[in-house]
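Undergrad: Quick check, what structure comes out for this input:
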Amino acid sequence: MFGAGHIVVVDLGFGDAGKGATVDWLCAAEAGLGVAAVVRFNGGAQAAHNVVADGRHHTFAQFGAGTFHGVPTLLSRHMLVEPIALAAESEQLAALGVRDPLGLLAVDGRALLTTPIHIAANRAREDARGSSRHGSCGRGIGETAWYALEHEAPTVADCRTPVVLRAKLDRLAAQYDELIGPSAHGYESIDALVAMYGEFARAVRVTDDGELARTAARGRLVFEGAQGVLLDEWRGFHPHTTWSTVEPRHARAMVAGIGGTATVLGVTRTYMTRHGAGPLPTEAPLGHPEPHNGTGPYQGAFRQGHLDPILLRYAIEVCGGIDGLVVNHLDMPATLCAAAAYDTGAGIVTELIPGPWRDLDHQQRLTDQVSEATPILEPVRGDPADWLAERLRVPVVLTGHGPERRDRVLRREPSLGAGSANTVPVGGDRGVAAAEQPG
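TA: Next up is the predicted model:
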C-alpha cells in the first residue's frame with residue numbers, strides 16, 4: 001500500500017489532527033515499514049504531537065513521533081531549533097524510558113536557532129497587539145523566521161563556534177532591545193546562552209546536507225510535518241498563519257534531492273479544530289473532549305467546528321495533491337454534519353480557489369471570504385471515513401478510533417481503489433520554497 005518509497009505526513013487542517021499518532025504507528029515494528037528515521041521538515045518547538053501507547057504519553061515537539069520505537073530523528077535545515085526546549089524534551093523522554101534520547105538526534109547545522117531573545121520579542125509583540133492578536137503560540141517562531149530574512153541569523157552550526165555565536169547573539173539582542181526592554185519579558189545573559197549552546201553542540205550530532213542520503217541508505221524515511229496546511233505561511237488565511245511552509249514542497253524537494261519517491265498522507269479529523277484567532281467557518285459548540293488541547297496564553301482558546309470538505313479540498317490542492325487519507329477521531333459521536341457549501345455575500349460557494357504561491361493579497365481575500373461565510377450543512381451518512389474519501393477523491397489508508405496506538409486501523413482495501421489518489425510526482429514543478437513570509 002505504501003510502496004517502496006518514503007512517506008510524508010501532513011495535516012490538512014489547522015493542526016492537531018493526529019500527525020503524532022500517525023507517525024508513531026508508521027514507525028512501529030508491527031507496521032513492517034522498516035523506518036530508518038523521522039525527518040522533521042517544518043516548524044519548531046511549538047509543535048505538539050501527542051502519542052499515547054503502552055501506558056506512556058508524550059507531546060512531541062522537536063523529537064520525531066517515532067522516538068518511543070527508538071527511531072532516530074533528523075531535524076532538517078527547514079526546522080527552527082530551540083535547544084533549551086529540546087534539552088527539556090530529552091529529559092521528559094528519558095523519564096518515560098527512552099534510552100539516551102539525544103543520541104537518537106541529528107541536527108542539520110544550517111537550521112536556524114530559536115533563542116530566548118526571539119521568544120521574549122514574540123511575546124512582547126503579541127502583548128502589544130492586544131485584541132488584534134494573530135494567534136501566535138508565543139514560542140518565537142515568527143521572530144526567528146523574520147529576523148533571518150533581514151539579518152545574519154544564528155544557526156545550529158554556530159553553536160560550535162562561540163566567537164561567531166556571541167557576535168550574532170549580541171546583534172540579535174540589540175535589534176530587539178527597544179521592543180523587549182519595556183515589556184514584561186526577558187532572557188538569560190549572552191554569556192549564559194553561549195555556554196548553554198556550547199553544551200548543546202557537544203551533546204547532539206550536528207550534521208551536513210549529506211545526512212539525508214546517508215540515512216535513507218539505511219531504510220525508509222518518514223517526513224513528519226508540523227502545524228496544518230490551512231496555517232501555511234503562503235496558503236493559509238492571512239494573517240492568522242504560521243511562519244512556516246507547511247504544505248509538503250520542502251519534503252518533496254528533499255526526497256527528490258536523494259533520488260527517491262514518496263507517498264504523501266494527509267491527516268484529518270472527523271471535525272474541524274483550530275487554536276486561537278482566525279476563521280473557522282463551521283465553528284460550533286460540539287463539546288468533544290480534548291484532553292491534550294486547551295487554552296494557551298498566546299494561542300487562545302481551542303475551537304471546534306463541523307467537518308468542512310471545502311477547506312480540506314483546498315488544502316489537498318495547495319499540497320499539489322496527496323496519495324492517501326488518514327482519518328482520526330472516529331470514536332467521536334456518530335451524528336456528524338459537514339459543510340456542503342458556504343453562503344456568502346457573493347453567492348453560494350462550494351470550492352475555494354487557490355491563487356499563485358506567495359500572493360498574500362489573494363490569501364487575504366480568501367480570509368475575508370471564509371470569515372463572512374455561513375456554512376450550509378448536510379449530514380454525514382454511513383462511515384465518515386468512506387464519506388470523506390468520496391468527497392475528497394482520495395482513498396483512506398489509515399483510521400484512528402481512539403487516542404492509543406492500538407486504536408489505529410490499516411485499511412488494506414481503500415474504498416476508492418488504489419489508483420484513485422491525486423498524485424504529484426516527486427520533484428515536479430512545485431520547486432523548493434525560499435525563506436519565509438513578511439508580516
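Undergrad: Break down the stretch 151-300 of the chain into its strands, ranges please.
TA: Applying DSSP state E, counting those that start in this stretch to the stretch 151-300 of the chain gives strands spanning 205-207, 220-224, 262-268, 272-275.
Undergrad: remind me which residues of the stretch 51-200 of the chain are low pLDDT?
TA: For the stretch 51-200 of the chain, the stretches flagged by pLDDT under 70 are 130-136.
Undergrad: related to what we said a few turns ago, in TSV, list the strands of the stretch 151-300 of the chain along with mean neighbour count, distance to Glu390 and mean pLDDT.
TA: In short, each C-beta sits where N, CA and C put it, glycine included. Below are the strands of the stretch 151-300 of the chain laid out as TSV (neighbours: other Cβ atoms under 10 Å; distance: least, Cβ to Cβ, whole Å; pLDDT from 0 to 100):
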stretch	mean neighbour count	distance to Glu390	mean pLDDT
strand 205-207	19	44	97
strand 220-224	26	27	98
strand 262-268	26	14	97
strand 272-275	24	18	93
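Undergrad: and Arg358, which of those strands is closest to it?
TA: When these are compared by Cβ to Cβ, strand 262-268 sits nearest Arg358, at 21.2 Å.
Undergrad: From the contact counts, what lies against that closest one?
TA: Where contact means 3 or more Cβ pairs under 8 Å, 6 or more residues apart in numbering; DSSP states H and E, strand 262-268 is packed against strand 6-11, helix 19-27, helix 249-257, helix 309-318, strand 324-327.
Undergrad: Helix 309-318 and that strand, what's the angle between them?
TA: 160 degrees (axes from the mean of the first three to the mean of the last three Cα atoms, to 10 degrees).
Undergrad: what lines up beside strand 262-268 in the sheet?
TA: Applying DSSP bridges, strand 262-268 is found paired with strand 6-11 (parallel), strand 324-327 (parallel).
Undergrad: Measure how the helix or strand where Asp361 lies sits relative to helix 309-318, angle-wise.
TA: Using DSSP states H and E, Asp361 sits in helix 360-371. Computed by the same axes, to 10 degrees, the angle separating helix 360-371 from helix 309-318 equals 160 degrees.
Undergrad: In helix 360-371, which residues are buried?
TA: Leu360, His362, Gln363, Leu366, Thr367, Gln369, Val370 (16 or more other Cβ atoms under 10 Å).
Undergrad: how much space is there between the fourth one and Ser76?
TA: To Ser76, Leu366 is 29 Å away according to Cβ to Cβ, to the nearest Å.
Undergrad: for Glu283, same thing?
TA: From Glu283 to Ser76 the distance is 34 Å (Cβ to Cβ).
Undergrad: Same question for Ala301.
TA: Separation of Ala301 from Ser76 (Cβ to Cβ) stands at 32 Å.
Undergrad: Which one's more surrounded, these two?
TA: A count of neighbours by other Cβ atoms under 10 Å puts Ser76 above the other of Ala301 and Ser76, at 22 against 13.
Undergrad: so where's the stretch 201-350 of the chain uncertain?
TA: Across the stretch 201-350 of the chain (using pLDDT under 70), the flagged ranges come out as 292-300.
Undergrad: What is the neighbour count of Ala173?
TA: Ala173 has 18 nearby residues by other Cβ under 10 Å.
Undergrad: same check, this time on the one 10 residues further on
TA: Other residues lying near Ser183 total 15 when counted by other Cβ under 10 Å.
Undergrad: and if you look at the one 4 residues further on?
TA: Tyr187 has 18 neighbouring residues, counting by other Cβ under 10 Å.
Undergrad: Just give the nearest non-adjacent residue to it, would you?
TA: Spatially, and ignoring its direct neighbours in sequence, Tyr187 is nearest to Pro116 (3.6 Å; Cβ to Cβ, 6 or more residues apart in numbering).
Undergrad: Give the bridge partners for Arg40, please.
TA: Leu75, Glu224.
Undergrad: which residues touch it?
TA: Ala47, Gln62, Gly64, Thr73, Leu74, Leu75, Ser76, Met79, Phe223, Glu224, Ala226 (Cβ atoms under 8 Å, 6 or more residues apart in numbering).
Undergrad: Sweet, I'm off.
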